[in-house]
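Enquirer: sequence isn't available, so here's the structure alone:
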């Protein structure tokens, strides 16, 4: 009997606490496959086997195909991977912070703030924004940080964040902020260009990023992910409530600030490339919670990979479904995510959350 | 002998409402104290002061002679575990993930759980008889199971002192008796206990002393048989003398009333 218990214990401890390697491996393979398929798809068809041969050393692509491959398809694919990972992880962080599975960078207004910040960069600071992408990213970060802080402050009632208060505060702030961006349009000096940029941001389009832009966003994502690692365990403790977490020795205030800053960096990274892409930060962590449970430590790496995969697939569908025209990917995620959000809202009302 | 926790001239107020005034009390190793008193007399406040999550307005609460205000919460949580009355968890943590949080005061920023952590968690779950529940979802447990799991979280902190806030609340009579057994068991394990208690009938035979708090009088301390007397309780709970016989009956024969 005692021996049996010991064995059971050993098996239990070794399975429960392992990172979900099987899932991470599966996701990585799926991403690699999805990239290969996505590179081939588009207005001009580039067969996958030609690409594989090119990568392995042969010169099989024509000059046109190489240009399409290197400066159009690949940057866009990388961008969608980055944006998806950034949105999903910031969603996970915000859900932990608000102790509410409905939090998402779009829903709670942090994306709206990032768009306003980025718009200020485009409309009011034309010389600098023309010179580099980094001012826009920085201003997007400041915007995201400001709006999330505002929503957090507005939505908290006695140390808790009721769903209704969170959604209303998020809705009000994000509407205000994204429409303020239209106001900036009036002040546009370089008539036309800014407007197009703004429109693509508000629709959630992953435009044609340049490699330096991608490098900056990769850097922001790396900082965001590295910062999330120590926070994941703290979010588990915070789930017990602030008073309990404080008693257990967690510095709640520090954790809160760290989550807000890291989450804003990630939101800004996503918005800088893709604008307002809604609900990705909601769908991805929720799906994974159903598979892996709510432990943030287990969820974090899987969320980053699944988010990247999800948005790559969504963006590929968005740009090929009605080719040669393109659907903004934000429209697609809103169409999938909207009903999903309502379903979650309904479930939360019944008080059962997976 | 140095007390585990000592209250020295402690005052505490929420805003302008004084809850605790000039409290002097000590908790020693191996003591098992029931804190009783009417609603609003400050039972939970007293437990929070002992856990270091509230700071006294005046006076000092000390842990083994060291002022709690000067200790880090992490340090306090390694000796004192507070088990709150209600815990709301927004996500579906398993019992084991829930109990794991008790190891928080021992973890460094980047390191995960080690063998000693798992050992403490296992021990805590075995003592509270929740080992078999470990894969269940905390939010789906019954009231009695949840109460035991909350205590398991506290025990995972490997405390010298366990503070229980209304551990019997919302439990049926069978689960109340289980809780009594658990308290007796923990006492035997050498863990001091301070528990706020509503049901006076469950105190005798389990607790070594009683602290009686009331809104206007200073706190009274004594053995259960000394404090749980109608004349004493009458003043604190402020009930009419003609209800005295009901109380006595209830104390004599708790089963009947609980059922």
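Expert: Looks like it arrived, so ask away. No experiment lies behind these values; they were computed from the predicted model shown.
Enquirer: and residue 207, what's its pLDDT?
Expert: You didn't say which chain, so I picked chain A. Looking at residue A:207, its pLDDT reads 73.
Enquirer: let's do chain B instead
Expert: Residue B:207 is assigned a predicted lDDT (pLDDT) of 92.
Enquirer: and residue A:9, by the same measure?
Expert: Value listed for residue A:9 in the pLDDT field: 54.
Enquirer: secondary structure class for the residue of the stretch 101-250 of chain A found nearest chain B?
Expert: As assessed by Cβ to the nearest Cβ, chain B sits closest to residue A:249 within the stretch 101-250 of chain A, at 3.4 Å. C-beta: built from backbone N, CA, C; applies to glycine. Put simply, residue A:249 is coil when judged by DSSP: H, G, I helix; E, B strand; the rest coil.
Enquirer: surely residue B:29 meets residue B:160?
Expert: Yes - with contact defined as Cβ atoms under 8 Å, residue B:29 reaches residue B:160; the gap is 7.0 Å.
Enquirer: what's the overlap in contacts for those two?
Expert: B:4, B:192 (Cβ atoms under 8 Å, 6 or more residues apart in numbering or on different chains).
Enquirer: compare those two (neighbour count), which wins?
Expert: When residue B:29 is set against residue B:160 and neighbours are counted by other Cβ atoms under 10 Å in any protein chain shown, the residue ahead is residue B:160, at 18 against 13.
Enquirer: which residue packs closest to residue B:138, ignoring adjacent ones?
Expert: Nearest residue to residue B:138, sequence neighbours excluded (Cβ to Cβ, 6 or more residues apart in numbering or on different chains): residue B:98, at 4.7 Å.
Enquirer: packing partners for whichever helix or strand the one you found is part of?
Expert: For residue B:98, the element it lies in under DSSP states H and E is helix B:95-100. Packing partners of helix B:95-100 (3 or more Cβ pairs under 8 Å, 6 or more residues apart in numbering or on different chains; DSSP states H and E): helix B:115-127, helix B:143-156.
Enquirer: immediately after the lengthiest helix in chain B, which helix or strand?
Expert: Counting residues, the longest helix found in chain B (DSSP state H) is helix B:173-188. Sequence-wise, the next helix or strand downstream of helix B:173-188 (DSSP H and E) is strand B:192-196.
Enquirer: elements contacting that following strand?
Expert: Partner elements for strand B:192-196 (3+ Cβ pairs under 8 Å, 6+ apart): strand B:32-36, helix B:43-51, strand B:161-165, helix B:173-188.
Enquirer: would you turn the helices and strands packed on helix B:95-100 into CSV with distance to residue A:217 and mean neighbour count?
Expert: As requested, these are exported to CSV (distance: least, Cβ to Cβ, whole Å; neighbours: other Cβ atoms under 10 Å in any protein chain shown):
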stretch, distance to residue A:217, mean neighbour count
helix B:115-127, 38, 17
helix B:143-156, 41, 24
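Enquirer: reformat these as CSV; add distance to chain A and mean pLDDT.
Expert: Shown next, in CSV, are those (distance: least, Cβ to the nearest Cβ, whole Å; pLDDT from 0 to 100):
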stretch, distance to chain A, mean pLDDT
helix B:115-127, 6, 91
helix B:143-156, 8, 94
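Enquirer: okay, these in TSV with distance to residue B:193 next?
Expert: Below are these laid out as TSV (distance: least, Cβ to Cβ, whole Å):
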stretch	distance to residue B:193
helix B:115-127	13
helix B:143-156	10
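Enquirer: if we can go back for a sec, chain center to the longest helix of chain B, what's the gap?
Expert: From the chain centre to the centre of helix B:173-188 is a distance of 13 Å (Cα atoms, centre = their mean, to the nearest Å).
Enquirer: now the residue of the stretch 1-150 of chain A found nearest chain B: closest residue in space that isn't a chain neighbour?
Expert: Going by Cβ to the nearest Cβ, chain B is nearest to residue A:99 of the stretch 1-150 of chain A, at 4.4 Å. For residue A:99, ignoring the flanking residues on the chain, the nearest one in space by Cβ to Cβ, 6+ apart is residue B:90 at 4.4 Å.
Enquirer: run a quick neighbour tally on that neighbour.
Expert: Counted with other Cβ under 10 Å, residue B:90 comes out at 22.
Enquirer: please tell me I have it right and it contacts residue A:103.
Expert: No - in this structure residue B:90 lies outside contact range of residue A:103 using Cβ under 8 Å: 10.5 Å.
Enquirer: from residue B:49, how far off is residue B:169?
Expert: Separation of residue B:169 from residue B:49 (Cβ to Cβ, to the nearest Å): 20 Å.
Enquirer: what about the two, which has more around it?
Expert: Shown here are residue B:169 and residue B:49; by other Cβ under 10 Å, residue B:49 has more neighbours (24 against 15).
Enquirer: next one: that one relative to residue B:40, how far apart?
Expert: Counting by Cβ to Cβ - residue B:49 and residue B:40 are separated by 16 Å.
Enquirer: hang on, the earlier thing: mind listing residues that contact the helix holding residue B:98?
Expert: So helix B:95-100 is in contact with A:16, A:236, A:240, A:293-295, B:89, B:113, B:117, B:121, B:124-125, B:130, B:133-138, B:141, B:149, B:152-153, B:156, going by Cβ under 8 Å, 6+ apart.
Enquirer: residues of chain B that sit close to chain A?
Expert: Residues of chain B found near chain A (Cβ under 8 Å from any Cβ of the partner chain) are B:51-53, B:72-77, B:82, B:84, B:87-94, B:96-98, B:100-102, B:104-105, B:107, B:109-110, B:112-113, B:118, B:122, B:134-135, B:139, B:157.
Enquirer: out of those, which are buried?
Expert: Neighbour counting over these (16 or more other Cβ atoms under 10 Å in any protein chain shown) leaves B:51-53, B:73, B:75-77, B:82, B:84, B:87, B:89-94, B:96-98, B:100-102, B:104-105, B:107, B:113, B:118, B:122, B:134, B:139, B:157 as the buried ones.
Enquirer: mind checking the SS state of residue B:53?
Expert: Look at residue B:53: counting by three-state DSSP, its state is coil.
Enquirer: just give me the neighbour total for residue B:2.
Expert: With other Cβ under 10 Å as criterion, residue B:2 counts 10.
Enquirer: mind listing what residue A:198 touches?
Expert: By Cβ under 8 Å, 6+ apart, the neighbours of residue A:198 are A:119, A:122, A:123, A:181, A:182, A:184, A:185.
Enquirer: could you rerun that using 10 Å?
Expert: A:115, A:118, A:119, A:122, A:123, A:178, A:181, A:182, A:184, A:185, A:188, A:275 (Cβ atoms under 10 Å, 6 or more residues apart in numbering or on different chains).
Enquirer: quick one: pLDDT of residue 63?
Expert: All of this is about chain A. 75.
Enquirer: please refer instead to chain B.
Expert: pLDDT, residue B:63: 94.
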